[in-house]
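> Sequence first, then the predicted structure, then my questions.
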Amino acid sequence: MTTKKILDAQIFAFQIHANQFYGDPALKIPYTVHLSLAESKAQKYLYLLPEEDRETAIISIWLHDSREDQGQSYS
């Protein structure tokens, strides 16, 4: 599932996590790999949600660390 809102959330996540890394600092794995892996896991269980909530769930996954890691506001 890909929508304009999901793409916007992904772009925003890539922008705010641009200088953040995941796992071993020496490997310099972009933090967005973590977000992508989280979405991949969630995709397996989206069928459990009502169809109208699936987009929101995916967006939430991509933005779940925005506030705590980058101090971003949702408003």
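Now that the structure is in, tell me what you want to look at.
> Now do the contacts for the residue positioned nearest the centre of the chain.
Nearest to the mean C-alpha position of the chain, counting by CA atoms, centre = their mean, stands residue 62 at 1.4 Å. Residues near residue 62 by CB atoms under 8 Å, 6 or more residues apart in numbering: 6, 9, 10, 12, 13, 35, 39. (Glycine included, C-beta is placed from N, CA and C.)
> what does residue 59 give?
5, 6, 9.
> thinking again about what came up before, mind picking the two most distant members of the contacts of residue 62?
12 and 39 (14.1 Å; CB to CB).
> Compare the two (neighbour count), which wins?
Using other CB atoms under 10 Å, the more surrounded residue of residue 12 and residue 39 is residue 39, with 18 against 15.
> Checking my notes, the more buried one in a strand, right?
No: per DSSP: H, G, I helix; E, B strand; the rest coil, residue 39 lies outside any strand segment and is helix.
> any idea how far the nearest residue to it once chain neighbours are set aside lies from residue 31?
Residue nearest to residue 39 in three dimensions, not counting chain neighbours: residue 61, with 4.9 Å by CB to CB, 6 or more residues apart in numbering. Going from residue 61 to residue 31 by CB to CB, to the nearest Å gives 13 Å.
> Please identify the buried residues of the host helix or strand of residue 15?
Using DSSP states H and E, residue 15 maps to helix 4-16. Neighbour counts over helix 4-16 (16 or more other CB atoms under 10 Å) mark 6, 9, 10, 13, 16 as buried.
> do you know how far the residue nearest to the fourth one when sequence neighbours are not counted is from residue 12?
Just to be clear, that refers to residue 13. Take residue 13 and drop its neighbours on the chain: the residue closest to it by CB to CB, 6+ apart is residue 62, 4.7 Å away. Per CB to CB, residue 62 is found 8 Å from residue 12.
> what's the distance between residue 46 and residue 1?
Taking CB to CB, one finds residue 46 at 7 Å from residue 1.
> more neighbours, the two?
Per other CB under 10 Å, whichever of residue 46 and residue 1 has more neighbours is residue 46, with 15 against 10.
> Three-state assignment for the residue in the chain sticking out farthest from the centre, please.
For the chain, the C-alpha farthest from the mean C-alpha position belongs to residue 26; by CA atoms, centre = their mean, that distance is 22.7 Å. Look at residue 26: counting by three-state DSSP, its state is helix.
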